[in-house]
Every structure is written in C-alpha cells, then in structure tokens.
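Novice: quick check, what structure comes out for this input:
(chains A and B, ligands or ions: 2)
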Amino acid sequence: MSAAALHRLSFYRLWAIVRKEFIQMRRDRVTFAMMVGIPLMQLMLFGFAINSDPKHLPTAILAADQGPFARTLVAALRHSDYFALTREPATEAEAARLLQLGDVQFVINLPEDFSRKLLRGEQPTVLIEADATDPAATGPAISAVRAIADTVLNRDLTGPLARLRARAGPIDFQIHAHYNPENITQYNVVPGLMGVVLTMTMVVITALAITRERERGTMENLLATPVRPIEVMVGKILPYIAVGYIQVTLILLAARFIFGVPMIGNLALLYGVSLIFIAANLSMGITFSTLAQNQLQAVQMAFFFFLPSILLSGFMFPFRGMPQWAQWVGSCLPNTHFLRIVRGILLKGNGLAEIAPEIWPLLLFLAVAMTVGVKRYRQTLD
Amino acid sequence: MSPTDLAIDVTGVTKKFDGKTVVDAIDLSVRRGEIYGFLGPNGSGKTTFIRMLCGLLTPDAGQGTCLGYDVLTQQAEIKRHVGYMTQRFSYYEDLSIRENLDFIARIYDVSDRAAAVQHSLERLGLQNRSAQLAGQLSGGWKQRLALAACLIHNPQLLLLDEPTAGVDPKARREFWDEIHQLAAAGLTVLITTHYMDEAERCHRLAYLAYGKLLARGTLAEVLAGARLNTWRVTGPGLLELAAGLRGRPGVEQVVAFGNTLHVSGRDAAKLDAAINAVRDPRHEWTRVRSGLEDVFISLMDEAKDNFA
Ligand SMILES: Nc1ncnc2c1ncn2[C@@H]1O[C@H](COP(=O)(O)OP(=O)(O)OP(=O)(O)O)[C@@H](O)[C@H]1O
Ligand SMILES: [Mg+2]
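Specialist: Ligands and ions are numbered 1, 2, ... in the order given. Below you'll find the model as predicted:
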C-alpha cells in the first residue's frame, strides 16, 4: 500500500463515522427530542412582538422639486433622529433597487409640483416607501414623519401663507409599506427564528461531538485507528445537516400554516442557502469542541456564541437601531446574514442576485471555522 | 538478529509532561511472535510508552521502528497494523456489541466485513449478546469485547494495556490461553499487567519504575539479575519478629504470607547478620527462591533511593 493511498480521504471511513453518529443520535432520545422541541418552543415564545424605537434609518430621497419648501422638509428630515439621508438616487428604478437590496429602509419621493401645490393649498402628495419587513424598525419612523412636516412647514408658512396652516395638514403623506404592508410582527419574527433555532441547536450539538468522545475515552481509540481528522469532522457534520433540514422544514411549516407568513420567494433557493448556514454553525460547534476540555465548557462556549447571535443579529432588535459597535459584531455572525436572506427570500421574493451580498460572508465564516477546527483537531493526545 | 525479526525496536524513547520526565530513555526490542510483559508501579509510564509506540503521543526524544515502520514518521502505517486495547474501556457504550465491531471493521476497511464481525463474535462467545449495548456489559465482558475489536483487522502487533484488570480468575486464564494461541500463530503481544502470575506467563518481561527500565529478560534472568536473598520463617510470634527485623541494616522487605514471613535483602552478609541478631530457636528459617513480586519491590525501592 502506498503512502499516498493512506493519506487520501477515505469515503469508507467517513461513512463509518456518519453511520455511527446516526446510531448514537437515535439512541440519545433526549437530545433528539430537544432538536425537534426547541424550534417549537421558540416559535411559541417569540411569536409575540418585540418592540423598540430604532433611529437613524438609512433613507433615500428622490427630490424632483428643489424649491424652498422641499428643501426645508428635506433639511428637517435630515435633522430628525429617525432618518439618515444616505442616498440620492436619480431614478425611481434605482430607488426601488436600493430598497430591495436593503441598502435603505425608506425612499421618500417629493413630486415635481410639491412647492407649487403646497402654495396653492392643494395638499401635495409625498410618497414614503418603506421596507416594512421589520415593522418594529419602520413603524415609529413613519409616525414621526407627519409630525416633522407639520412643525417645520408651520414655521415657514407665515404671513399670507399662514392660511395654509389652518388646513388639517398641508401635505398628504402616502405611506407605501413594501413587503409586509400590514406590519405583522410575526412575518418578521418567524422567518428570523429559523436562524436562531439553527444556531442554538447546531452549535451545541456539534460542540459536544468531539468533547464527548474525549470525555468518554473513546477518542483514544479513534486516534489509534487510521481515521483522519477531516473524516471525523465531516463525518460528524453530515448527520446533523439532516437534522438542520428537519428544523428548517418544521419552522417553514409553522410559518405557513400557523402564522400565515407569506412566502413569495423561491423555497428551493432558501433550502440551498440553508446548507451553507447549517454547515457554518456545525463547523463552529466542531471548533468549540476542539477547544473545550469537557462537555460543560463546550456548552458554555456554544452559549457565548448563541447570545450575540440572537441579540445582535437583527432578530431581537432592529439591526439599524443598534449602536455601531454592535452592528460590527453582528456583521461577523452568520445569523445576521442568514436572517436577511430568509426575510429577503420569503417576504421580498429576493433571488440569488439580491442575496449574494449576504452569501459570501456565510461562506467566509464557514471556511474560517472549518480551517480552525481541522487545525485544532489533534491527531495525538499530546 | 535481523531487524525484521523485531516487532518493536526502539531506543532512547523519552516523554516529558510539563518538564517532568515520565518515560526516560527507554530501549526496548520485542521479537515477532513473542509475548512481552510490561510491568511497573502506578504512574511508572507504561501507558505513556505504549501510546508513543502507536502514534498517540509524540516522543520528545528517541527513535526506532514498530513493525518495521518508523515510530516518528510512519504513524499512519503503524496504526493500520497494530491493535491497541486501551487501559480504560474506550468503545461506544451507546452502541451494541455488533455495532461496535462493525464500526471498527469499517474504519479499518476490513475486507468481507460481515464475516469478520461474525467470526469475532463467535470466537469470543458473544454471538448471543451481539445486540446488547456495550455500556450494559459487565467489566469482564467489556474486556472481551475490547479484545475482539482490536483483533478484527488482523493486526500484527497487539498492545494490551492492563487487559485483565478486574477480570475474574477463570476469565483471566481463558484470556491468557487466547493470547498464547495468537502468539503461536505469529502475533506479537506487548501486555501490561500488575499480576505476578500473568508476568510469569510472558516469554519475556520488562520492569519499569519512575520512567526507567530497571530490569528485563526472561523470568529466570530477571530473578537472577536482581540478586535478592530471601528467607522464609515459620513459628510463633511472627508479628513481633517482623517488628524487630524492620529497619535493621540489610533487611529490605519483611512480608507476611499467612503463617509465614518472607525476609529479603540484596546484601546477603548484612541480611545474615540481621537475622542472627534476632534468631530464636522456636523459629524455623529456610532459604527460598525470591518471588517476582519481591524482586520488583526491591527494584522499586532501589530506584526510589536513586531517582526519587
Ligand atoms: N497527558 C498527560 N499530561 C500530564 N501528565 C501525564 C499525562 N499522561 C500521563 N501523565 C503522567 O505520566 C505519569 C505516567 O503515567 P502512565 O499513565 O504512563 O503510568 P502507568 O504506568 O500506565 O500507570 P498505571 O499502572 O496506573 O496505569 C504519571 O505520573 C501521569 O500523571
Ligand atoms: Mg497505565
């Protein structure tokens, strides 16, 4: 037998590990129940709305009218806490694209005849298009817009123009909520749960996988056989990918039939991208289990990963409402990106092109976690 | 002797943990087809040495071969041809006996796996319990399962780390009969044990203490090499006699065996002088052959004086 043949990855050995993991999974009823029970329990818990009052939401302004009143309104919006005027798209198509990509939360559209109509007392229409997938993020900002307009324009409408103030409201704001027009919180929370549930169970389960072998002494035996680190790792990941898909399916079924969440996008695409996310979490868990000395430590590490994944990913609080440092931390977590992908596909009907910016961070995370895991996996007991 | 006749041939093997030398420059050669006993007190480095042989630990110094493969660089090849039975049971307790054997057979890519599993179940008389979970087996049965599992890929060398700890005498005897059959068929066996009767069943022995190899050779060679003199005393008042002997120059061991007392020491002249000082006509003194245990304890005491 040549040395090369010995060092090649053996699918035979890989399959031996996969089979063994499946048998052990089947025997460990408690863990198996947990893997099915956790998604259901969390669906119940988080089915309730979680609210907050996010500020500085990125907004695109499409100002066809450059008149004094339009400028005043734009300036007032700029100074309000709720909006950050980050983009000035040239066309409506460009604005729509920004909204779909999630680059902005709102598009404010001032019509060409804004100042003219205002002066004539004709109540000009200002269209506010909102990405309402996360109603907690958009709701407060939308209610703020009316108040802002009333105050600033009342200040400007003086002298002969004061008569315009007497009207119920000088401007007719038309709010156009995209993607989740009724602002139903569950539409946002339930798809978000998918990432949370997968993060929680996948990381914990695999974090235990290697630590358990070490704690029970079976690692010594495994290391004395010709099995290679990558075979052990992949062999331990594959069975849990199946479990991850069971969870995804459970949540989608609940989303559809219990919470009535609309599913506009391509479910096959969602299942495909889920693979990357599941594998990323499993690799993270495996990496933890090469670091932990015992099972308790492994669970604690998994928990430390889980907390920011739930708090800073945009699941618990609107991502843009968080301070900058928290957004940075959040951006490093796979759940943040997966959350946007799931909401994008289900609620906005995003395709591969729109979610691509969220896919590569997932792939990067997967590559790093897997590399660290394989590097850290010791082939000896030293 | 040509190197190919040696299953294990290592020199200067050393291992340190946190600066403490646990295995200290050990040279060992084991011939093919030999049953080699590896003895030594707790913590003397037996398990550590075996782990270095099969690639589980990297030696800090030393070199050599195991089955003709370099212990430092060809660990993958060594692993394919060695059966290692760990000191602690290390198969899956939540897998059945058959599943464990099947798993190991798959890992080693055994040809005709089903037959190999069935054969090892039958040889060990486990076929009726093949569906039982390994975790539910008694200690003795776990040992049998472990032996069956580490034989499944037809290894050329067996490394058995205290395979008979906690096993009843009859099962122990059967175990040793099996080991002798395997050795007769050409398998080399390196076995650690704390039982003296088992040590006597080995072809050759090595005695390790404080990480150093203190004695090696056949049973007769080890006994002769220790130059230990032992007297057996019978008669009344042995307890007082023992108290009177302990601590006298030349008296190294005073051990009670039922109604007799064994007194031994390496320096024959000093020992005789000590015995003459307490001689009492009611006692009967006989010169006897030193036992392996006496020799080992003497070796350990000597080593303690020298190294500890
Ligand atoms: N991984 C390790 N890290 C640090 N020290 C270790 C490690 N493994 C073993 N030791 C130490 O090395 C020494 C030798 O241990 P070893 O297990 O080889 O002894 P042994 O001869 O097999 O003992 P026993 O008869 O009790 O099985 C002990 O003092 C032990 O504490
Ligand atoms: Mg030991």
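
Novice: what does the stretch 1-150 of chain B have sitting close to ligand 2?
Specialist: B:47, B:87 (CB under 5 Å from the ion). Using the backbone N, CA and C atoms, a C-beta is placed for each residue, glycine as well.

Novice: now do 6 Å
Specialist: B:46, B:47, B:87 (CB under 6 Å from the ion).

Novice: among the residues you listed, which one has the most neighbours?
Specialist: Neighbour counts for these, by other CB atoms under 10 Å in any protein chain shown, peak at residue B:46, which reaches 24 neighbours.

Novice: do I have it right that that one meets residue B:160?
Specialist: No - using CB atoms under 8 Å, residue B:46 makes no contact with residue B:160, being 11.0 Å away.

Novice: shared neighbours of the two, anything?
Specialist: Each of residue B:192 lies in contact with both residue B:46 and residue B:160 under the rule CB atoms under 8 Å, 6 or more residues apart in numbering or on different chains.

Novice: for the residue positioned nearest the centre of chain A, helix, strand, or coil?
Specialist: In chain A, the C-alpha nearest the mean C-alpha coordinate belongs to residue A:339, at 2.0 Å (CA atoms, centre = their mean). Under DSSP: H, G, I helix; E, B strand; the rest coil, the three-state class of residue A:339 is helix.

Novice: got a pLDDT number for it?
Specialist: Residue A:339 carries a pLDDT score of 91 in this model.

Novice: and the helix or strand where residue B:47 lies, how far out from the chain middle?
Specialist: According to DSSP states H and E, residue B:47 maps onto helix B:46-53. Its chain's average C-alpha position is 12 Å from that of helix B:46-53, according to CA atoms, centre = their mean, to the nearest Å.

Novice: now do the strands in the chain.
Specialist: Unless you meant another one, I'm taking chain A. For chain A, the strands defined by DSSP state E cover A:57-63, A:83-87, A:106-110, A:125-131, A:172-178.

Novice: try again with chain B
Specialist: Using DSSP E, strands in chain B cover B:6-17, B:20-31, B:35-39, B:61-66, B:69-70, B:82-85, B:157-161, B:188-192, B:204-209, B:212-217, B:229-234, B:253-257, B:260-265, B:284-288.

Novice: for residue 245, which residues are in contact?
Specialist: Unless you meant another one, I'm taking chain A. A:271, A:274, A:278.

Novice: other chain: chain B
Specialist: With CB under 8 Å, 6+ apart, residue B:245 has these contacts: B:251, B:254, B:263, B:274, B:275, B:278.

Novice: got JSON lines for those residues, with pLDDT and distance to ligand 2 too?
Specialist: Formatted as JSON lines, those follow (pLDDT from 0 to 100; distance: CB to the ion, whole Å):
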{"residue": "B:251", "pLDDT": "89", "distance to ligand 2": "32"}
{"residue": "B:254", "pLDDT": "89", "distance to ligand 2": "29"}
{"residue": "B:263", "pLDDT": "91", "distance to ligand 2": "31"}
{"residue": "B:274", "pLDDT": "88", "distance to ligand 2": "36"}
{"residue": "B:275", "pLDDT": "88", "distance to ligand 2": "38"}
{"residue": "B:278", "pLDDT": "85", "distance to ligand 2": "40"}
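
Novice: coming back round to it: between the residues of the stretch 1-150 of chain B next to ligand 2, which sits nearest ligand 2?
Specialist: residue B:47 (3.1 Å; CB to the ion).

Novice: from memory the closest one sits against residue B:190, does it?
Specialist: No - between residue B:47 and residue B:190 there is no contact under CB under 8 Å: 11.9 Å.

Novice: ok so, going back, does the helix holding residue B:47 come close to chain A?
Specialist: Yes - judged by CB under 8 Å from any CB of the partner chain, helix B:46-53 comes into contact with chain A at residue B:51.

Novice: that helix near ligand 1 anywhere?
Specialist: Yes - interface with ligand 1: helix B:46-53 contributes B:46, B:47, B:48 (CB under 6 Å from any ligand atom).

Novice: just list the residues touching the closest residue to residue A:258 other than its chain neighbours, thanks.
Specialist: The shortest distance from residue A:258 to any non-neighbouring residue, by CB to CB, 6 or more residues apart in numbering or on different chains, is to residue A:43 (7.5 Å). Residue A:43 makes contacts with A:190, A:193, A:251, A:254, A:258, as judged by CB under 8 Å, 6+ apart.

Novice: and the pLDDT for whichever residue of the stretch 201-308 of chain B sits closest to ligand 2?
Specialist: Closest contact between the stretch 201-308 of chain B and ligand 2, by CB to the ion, is at residue B:208 (10.5 Å). pLDDT, residue B:208: 93.

Novice: so who does the closest residue to it other than its chain neighbours touch?
Specialist: The shortest distance from residue B:208 to any non-neighbouring residue, by CB to CB, 6+ apart, is to residue B:40 (3.5 Å). Contacts for residue B:40 (CB under 8 Å, 6+ apart) come out as B:46, B:192, B:207, B:208, B:209.

Novice: now compare those residues and name the two farthest from each other.
Specialist: B:192 and B:209 (13.2 Å; CB to CB).

Novice: what ranges do the helices span in the stretch 201-350 of chain A?
Specialist: A:218-224, A:229-257, A:267-291, A:295-311, A:324-331, A:334-343 (DSSP state H, counting those that start in this stretch).

Novice: so which of those helices is nearest residue A:201?
Specialist: Nearest of those (CB to CB): helix A:229-257, 6.7 Å.

Novice: quick one: mean pLDDT over the closest one.
Specialist: For helix A:229-257, the mean confidence score works out to 88.

Novice: okay, now the domains of the chain?
Specialist: Chain wasn't specified; assuming chain A. According to automatic domain parsing, chain A comprises the domains A:57-178, A:185-381.

Novice: to clarify, I was referring to chain B.
Specialist: If you go by automatic domain parsing, chain B breaks into B:3-219, B:229-289.

Novice: tell me the most buried of these?
Specialist: Highest mean neighbour count among the domains of chain B (mean count of other CB atoms under 10 Å in any protein chain shown): domain B:3-219, with a mean of 19.

Novice: quick one: that one to chain centroid distance?
Specialist: Worked out by CA atoms, centre = their mean, domain B:3-219 lies 10 Å from the chain centre.

Novice: for stretch A:331-346, list every residue counted as buried.
Specialist: Residues of stretch A:331-346 classed as buried by neighbour count (16 or more other CB atoms under 10 Å in any protein chain shown): A:333-346.

Novice: which residues of chain B lie near chain A?
Specialist: So chain B meets chain A at B:51, B:54-58, B:76-77, B:79-80, B:82, B:84, B:86, B:88-95, B:99, B:103-104, B:106-109, B:133 (CB under 8 Å from any CB).

Novice: narrow these to those in helices?
Specialist: B:51, B:76, B:77, B:79, B:80, B:99, B:103, B:104, B:106, B:107 (DSSP state H).

Novice: can you read off the pLDDT for the fifth one?
Specialist: At residue B:80 the predicted local confidence, pLDDT, stands at 93.

Novice: quick one: it and ligand 1, what's the gap?
Specialist: 24 Å (CB to the nearest ligand atom, to the nearest Å).

Novice: before we move on, what about the third one?
Specialist: Spatial separation of residue B:77 from ligand 1 under the definition CB to the nearest ligand atom is 24 Å.

Novice: I figured that residue hits residue B:71, correct?
Specialist: No - with contact defined as CB under 8 Å, residue B:77 does not count as touching residue B:71 (10.5 Å).

Novice: other residues contacting the helix or strand bottoming out on mean pLDDT in chain B?
Specialist: Within chain B, confidence by mean pLDDT, DSSP states H and E is lowest for helix B:292-307 among all helices and strands, at a mean of 81. Contacts of helix B:292-307 with the rest of the structure, by CB under 8 Å, 6+ apart, involve B:39, B:41, B:196, B:199-200, B:207, B:209-210, B:212, B:214-215, B:219, B:222-223, B:226, B:228, B:230, B:252-253, B:255, B:262, B:264, B:266, B:290.
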